[in-house]
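Engineer: Here is the input, now give the coordinates:
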Amino acid sequence: MTEAEQAGRPTEPTGPAQPTGADGASAPAGKRRIAVLLAVAAFAYLLDLGSKLLVVAQLEHHDPVQVIGEWLQFEVVRNRGAAFGIGEAMTIVFTVIATAVIVAIARIARKLYSLPWAIALGLLLGGAFGNLTDRLFRAPGGFEGGVVDFIAPAHFAVFNLADSAIVCGGFLIVILSFRGLDPDGTVHED
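Structural biologist: Model (predicted):
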């Protein structure tokens, strides 16, 4: 205890409160990374939205465009299901899941001090918003819209840039988790 604490006098704070991990250890000094999360999310969302607007305007109702022969083509497909077109009758469920992901990211963001986690969550958030926008505003609308997919590799499902952002963000989260880095910036060892 300091002399001030012993005398009952208030003490001056020594700096901003540091986040702590589950084991009580202090996280690295720094500030929350919400701005990074939002910037990455906005970039991923706008890139996805712009690409979808472009391919719908230029490629829909046309033959596929070969980018790298038959190995990679651009072909507009409206997907009301999940990955690989699974669950087309469950469009509302996928809309609810996307909304839940967005809410979960918003909750995690309150304790976000890690730059890699901010990037990963930003990719997830931007991708979720990209596909959610399609489900809300594309025909037939009202939570049942078809997601615009257009990247068609040979012998694989057709996908879009939102899907790519979600997969990259998820992959990065798995790596960060295996390395023991938490969103609050603490590192835990198992």
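Engineer: in the chain, which spans are helices?
Structural biologist: Using DSSP state H, the helices of the chain run over residues 3-6, 34-59, 91-109, 115-137, 161-179.
Engineer: Generate JSON lines for the ones you listed, with mean neighbour count, distance to G145 and mean pLDDT as supplementary columns.
Structural biologist: For the C-beta atoms, the positions are set from N, CA and C on the backbone; glycine is no exception. Formatted as JSON lines, the helices of the chain follow (neighbours: other CB atoms under 10 Å; distance: least, CB to CB, whole Å; pLDDT from 0 to 100):
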{"stretch": "helix 3-6", "mean neighbour count": "9", "distance to G145": "61", "mean pLDDT": "47"}
{"stretch": "helix 34-59", "mean neighbour count": "17", "distance to G145": "12", "mean pLDDT": "97"}
{"stretch": "helix 91-109", "mean neighbour count": "15", "distance to G145": "8", "mean pLDDT": "88"}
{"stretch": "helix 115-137", "mean neighbour count": "23", "distance to G145": "5", "mean pLDDT": "95"}
{"stretch": "helix 161-179", "mean neighbour count": "17", "distance to G145": "13", "mean pLDDT": "96"}
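Engineer: Export those as CSV, with columns for distance to H188.
Structural biologist: Formatted as CSV, those follow (distance: least, CB to CB, whole Å):
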stretch, distance to H188
helix 3-6, 31
helix 34-59, 21
helix 91-109, 16
helix 115-137, 14
helix 161-179, 10
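Engineer: Spatially, what comes nearest to the residue positioned nearest the centre of the chain if we skip its sequence neighbours?
Structural biologist: Nearest residue to the geometric centre of the chain (CA atoms, centre = their mean): L124, 0.9 Å. Using CB to CB, 6 or more residues apart in numbering and skipping residues adjacent in sequence, the residue nearest L124 is G169, 3.9 Å away.
Engineer: pretty sure the one you found is touching A118, no?
Structural biologist: No: taking contacts as CB atoms under 8 Å, G169 lies outside contact range of A118: 10.7 Å.
Engineer: Quick check, L115 in contact with L37.
Structural biologist: No: using CB under 8 Å, L115 makes no contact with L37, being 9.7 Å away.
Engineer: follow-up on the earlier one: which residues sit in contact with the residue nearest to L124?
Structural biologist: Listed by CB atoms under 8 Å, 6 or more residues apart in numbering, the contact set of G169 reads 119-124, 127.
Engineer: and of those, the nearest to D63?
Structural biologist: Nearest to D63 among the contacts of G169 is G127, at 27.9 Å by CB to CB.
Engineer: Relative to G180, how far out is the closest one?
Structural biologist: Applying CB to CB, to the nearest Å, the value for G127 to G180 is 25 Å.
Engineer: for Q66, same thing?
Structural biologist: Separation of Q66 from G180 (CB to CB): 44 Å.
Engineer: and the residue lying closest to I34 once chain neighbours are set aside, what does it touch?
Structural biologist: Of all residues not flanking I34 in the chain, A109 sits nearest, at 5.3 Å (CB to CB, 6+ apart). Remark: with contacts taken as CB under 8 Å, 6+ apart, A109 is in contact with 32, 34, 37, 121.
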